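In: Below is the structure, and that's it, no one-letter string:
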């Protein structure tokens, strides 16, 4: 039996998606279903004085108006965003202040639109600045990393450097905007709660609902068979799941709560804006003698989220003097959360732009500069890498992109109204695994069923896990059914942190091997079948203390319209070293998708904070631009073969996020090469090109 | 959405009687803007009178050599029409530069003329807006205005008209035919839109209950040498940050006549009369084009975050004029 | 509430009773007629996930009042297949070319490209791009979708 791992297998659930049969969280028909519509605060800070539900309750079809005064009491959890309608405080504009429930969505919505809510408003503070008086150092940064690090003496290193670069780069708030808005359909069968929920991992939603409603594990089931994208915003339970479950309990009916596109801009997280000062010192040949990366970013007053923006600097380049720091301010804003490659995505924009500036200051080719600064061990801490192939990626990319033909002088290539340039940047993302459980059952007919609470948010996980199980069980893929997205299957890692395949693949391999051993021991599959279960907690705890990261190189070609400042990207190339690739077809799509989101980050995505009212103002797809097909021209992603036996039994590093890391810097560096104007603030909008 | 009634008359007289008979009644065309605004609570009509069954879906030749376009003509049909593409190419290009295939299939010419501003404050009923609620204030002037007006705004309103199509119609001196309670009227497009001044809630000179029936494009043989250029923040499917519709009649290196209209810079499709006047009879050179653009834009009153529109629109005007000289 | 009305969807007449006029065609398809294949991604015509064909014209169901669609011939993603178990060339091409990821934008794209290939059997790359310019995808980067359109056109002409 030849293996399927590595082959470009087509997506297993593809047919159900192209025919419209695939059921997402808002697609389940249930008898007696009612619809909830969220009413959001119109002040950014203060208290709800009153909600007058009288008129709303007289409107046709309106079943209930749930507010802090009549809402079900929830058990305390450490995430204030989930403690919805538990008190009268308003922490940000757009916070949930009521849920109107109606027989139809339009009835609920009509009542919600006119619902009188009285507030006691207080002055709000919503603008991030590097000089904010309430900046503080968080205890740690996401997920549990040191806030500040220091090796050597950065100030002395900078003072003695022959060449220095000292600039501030900034990135805006960006919203994940999966195509499927967050949605939950909830119903209670006696004391057992079932939710169809749109998330990146049913386990976490299950845990949250268990705690919030004070239930036994077995009393909650979270089902998430198909999920329409997440990009971090569905990484944990979101409040619509809590509201749906609560209202369903209160009304004794199935309830569906679907967020509108506009509501996603305040209720489900986003990437914090960042202000990053990067200081580099080097010798004349560009060898770093000091690197300092200082980050300022925001969180909310409801939940502390500290994006790990400077961690990029802790692994990238060799230098004897290295410091990184994060400072937060808690503003009256919605809580920022994960968005694809939290930390590395914004951090790489600043550092990889600064490296380009250093390359020019030293007169060294940007690729050569990175090669000269390649570390042997982790720059911050000195641990060995399990594998590190950044230089191979840079060289492979340079060859494919014809980098050697590049004239480094900026602002010298023109074709009609277009200025042309090319740029490069490096990428990295950690390769981690998290404990998961799975079961594999051998059926009498020779087929197998794998059950685990994995999520396929579009990554191809369902297909890749089927390949993994088929190879381990040494059967064709059609003999294996992988069932995912159901918390009844036991706890597992979410689809997040690029850890899905490493975590789930590991436990599936382990369960399959256990099953084969059991079958051998039994001398075959008994008439009533055989089930093997596995848990990887101990295996992961026993891993050696190594630095495990994927690396990559991103190349961009841009054209800048001198008249309008519009930018086109005719070519993007990414070369990655990400361990073993399980499915060449879905992996390429994942990497290209990440690069596309990086292009979108570079040129379009920006949530504009309205200082006067305190909300993100451009809260729809007309105002918040994500790349359309006309923006995407030639994007290629490829990878180098990388064997790393220090990762997990599959040797995978994860590919969901590295595609977005470094893309924006590569494009910004190409814009500099085209125009001679350095762009240190994202996105690089036409107005910023025209009036720098 | 608020509750509303719905009618779909087949005859114009019925439509006019219906709108006269009910307070708060509104005509509904393709719905691409009105239905959206109803969902946002910006528009709250008591009755929708769907005019898509009226006999206004046509494009015909006028006796004077011009073209007449029914108000119910879908944007995609207008853009695809051979006579439009040949005789008024800037109009076809402008329509195709707007929205998406789906929306152009739905949107009507009449509805496009009346689409409302995309100013974010206008679209959010939880915030003040002088256009939506007179005398409530304008947060845009100190707030987010990077895509709002540099020309023709007032202290009360700096919203921009979002239509691409209307910019081309302005350049071609289109005439809008309407049925009003007092009878039919032909409104030159220059008189169709109002600047906000102290009444930003009034966007056109139409009487309440007016029904747009058609738009006439007067004969203009040299309109075949016309072009629409649009700059935007995404390569497709987004509103303009600046646009120009230009028609040029050039002979022996001299500008005999020219039409220039600007989009996304003013509360109305902005006809650049000063630039046109500066160009007529002048040599068709880049220097003259720059002077003409400056003659128009010296009247611009940009704010903190929309100054870029001045060079943007100047460059668009100059480049498009140069291209039209080359195409002549 | 409004008077009962009838919608013709995928060749079948459906009675809609006890409905409210303000409901969009998208809502009625999804919640009243049991056809949730069309997706609600933005509800304002800015994403294309709800694309349906109305009297031969590709439109956004989210901006159409259901009552205004009375008398029209409506085709949704559920109505494209010749029969259960059969798939159209567009659907097959989407799977083979890897044009599907999360799948939420997929029904709208499949409908849009079906509409295109019915009008233009051999579209240029630019025509394909224009045909799906109103469909946003957040996962794929569009490249495989463009490839699927060409593969579907080729498969149709080979048949």
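Out: Perfect, I can see it now. Owing to the predicted nature of the structure, the values given are computational and were not obtained by experimental measurement. Numbering: from 1, shown residues only, chains lettered A, B, ... in the order given.

In: hmm, the helix or strand containing residue B:250 touching chain C?
Out: Secondary structure from DSSP states H and E places residue B:250 in strand B:240-251. No. Judged by CB under 8 Å from any CB of the partner chain, strand B:240-251 makes no contact with chain C; its nearest approach is 15.5 Å. Backbone N, C-alpha and C define where each C-beta goes, glycine included.

In: Show me which positions of that strand end up buried.
Out: B:240, B:241, B:242, B:243, B:244, B:245, B:246, B:247, B:248, B:249, B:250 (16 or more other CB atoms under 10 Å in any protein chain shown).

In: same check, this time on stretch A:437-447
Out: Quick answer for stretch A:437-447 (16+ other CB under 10 Å): A:437, A:438, A:439, A:440, A:441, A:442.

In: now do the same end-to-end measure for that stretch.
Out: Terminal residues of stretch A:437-447 lie 21 Å apart, using CA to CA, to the nearest Å.

In: which residues touch it?
Out: A:448-453, A:469, A:473, A:475, A:479-481, A:489-492, A:504, A:507-508, A:510-512, A:514-515, A:519, A:525, A:527-536 (CB atoms under 8 Å, 6 or more residues apart in numbering or on different chains).

In: among these, which are in strands?
Out: Here DSSP state E is the test, and these give A:448, A:449, A:450, A:451, A:480, A:481, A:530, A:531, A:532, A:533, A:534, A:535 as lying in strands.

In: Against residue A:541, how distant is residue A:579?
Out: Relative to residue A:541, residue A:579 is positioned 21 Å away (CB to CB, to the nearest Å).

In: for residue A:425, same thing?
Out: Taking CB to CB, one finds residue A:425 at 35 Å from residue A:541.

In: Which one's more surrounded, those two?
Out: residue A:425 (29 against 8; other CB atoms under 10 Å in any protein chain shown).

In: On the three-state scheme, that one is what?
Out: Residue A:425 falls in the strand class when you classify it by DSSP: H, G, I helix; E, B strand; the rest coil.

In: hang on, it packs against residue A:665?
Out: Yes. Assessed by CB atoms under 8 Å, residue A:425 is found in contact with residue A:665 at 3.7 Å.

In: Contacts only, for residue 132.
Out: Reading this off chain A. So residue A:132 contacts A:296, A:329 (CB under 8 Å, 6+ apart).

In: try again with chain C
Out: A:629, B:101, C:48, C:109, C:112, C:113, C:116, C:142, C:145, C:149.

In: Now tabulate those in JSON lines and tack on secondary structure, pLDDT and distance to residue A:651.
Out: Converted to JSON lines, the contacts of residue C:132 look like this (DSSP: H, G, I helix; E, B strand; the rest coil; pLDDT from 0 to 100; distance: CB to CB, whole Å):
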{"residue": "A:629", "secondary structure": "helix", "pLDDT": "97", "distance to residue A:651": "35"}
{"residue": "B:101", "secondary structure": "helix", "pLDDT": "97", "distance to residue A:651": "45"}
{"residue": "C:48", "secondary structure": "coil", "pLDDT": "98", "distance to residue A:651": "39"}
{"residue": "C:109", "secondary structure": "helix", "pLDDT": "98", "distance to residue A:651": "35"}
{"residue": "C:112", "secondary structure": "helix", "pLDDT": "98", "distance to residue A:651": "40"}
{"residue": "C:113", "secondary structure": "helix", "pLDDT": "98", "distance to residue A:651": "38"}
{"residue": "C:116", "secondary structure": "helix", "pLDDT": "98", "distance to residue A:651": "42"}
{"residue": "C:142", "secondary structure": "coil", "pLDDT": "97", "distance to residue A:651": "31"}
{"residue": "C:145", "secondary structure": "helix", "pLDDT": "98", "distance to residue A:651": "31"}
{"residue": "C:149", "secondary structure": "helix", "pLDDT": "98", "distance to residue A:651": "36"}
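
In: Out of these, give me the one that has the most neighbours.
Out: Result: residue C:48 is most packed of the contacts of residue C:132 (other CB under 10 Å), 32 neighbours.

In: Now name the helix or strand holding the closest residue to that one other than its chain neighbours.
Out: Once flanking residues are discounted, residue C:48 sits nearest to residue C:135: 3.5 Å by CB to CB, 6 or more residues apart in numbering or on different chains. For residue C:135, there is no helix or strand it lies in under DSSP H and E.

In: surely residue C:135 meets residue C:47?
Out: Yes. If you go by CB under 8 Å, residue C:135 and residue C:47 touch, sitting 7.3 Å apart.

In: residues shared between the contacts of these two?
Out: Common neighbours of residue C:135 and residue C:47 (CB under 8 Å, 6+ apart) are C:105, C:108.

In: and the strand holding residue B:250, how far from the chain's centre?
Out: Distance of strand B:240-251 from the chain centroid (CA atoms, centre = their mean, to the nearest Å) equals 14 Å.

In: so, in contact with chain A or not, it?
Out: Yes. Strand B:240-251 is in contact with chain A by CB under 8 Å from any CB, via B:241, B:242.

In: Okay, now the sheet partners of that strand, with direction.
Out: strand B:226-232 (antiparallel), strand B:254-263 (antiparallel) (DSSP bridges).

In: Give the buried residues for the longest one.
Out: Yep, that's strand B:254-263 we're talking about. B:255, B:258, B:259, B:260, B:261, B:262, B:263.

In: Okay, and the beta partners of the fifth one?
Out: Legend: beta-bridge partners of residue B:261 under DSSP bridges are residue B:245, residue B:271.

In: mind checking pLDDT for the most centrally placed residue in chain B?
Out: Compute the mean C-alpha point of chain B, and by CA atoms, centre = their mean the closest residue is residue B:166, 2.6 Å away. pLDDT, residue B:166: 98.

In: next one: residue A:2
Out: 61.

In: Kindly report the same for residue A:528.
Out: Confidence score, pLDDT, at residue A:528: 89.

In: how near is it to chain C?
Out: 32 Å (CB to the nearest CB, to the nearest Å).

In: got a list of what the closest residue to chain C within the stretch 201-328 of chain B touches?
Out: In the stretch 201-328 of chain B, the residue that lies nearest chain C is residue B:236 (4.8 Å; CB to the nearest CB). By CB under 8 Å, 6+ apart, the residues touching residue B:236 are A:628, A:629, A:630, A:631, B:100, C:133.

In: Let me know the closest of these to residue A:345.
Out: residue A:631 (18.2 Å; CB to CB).
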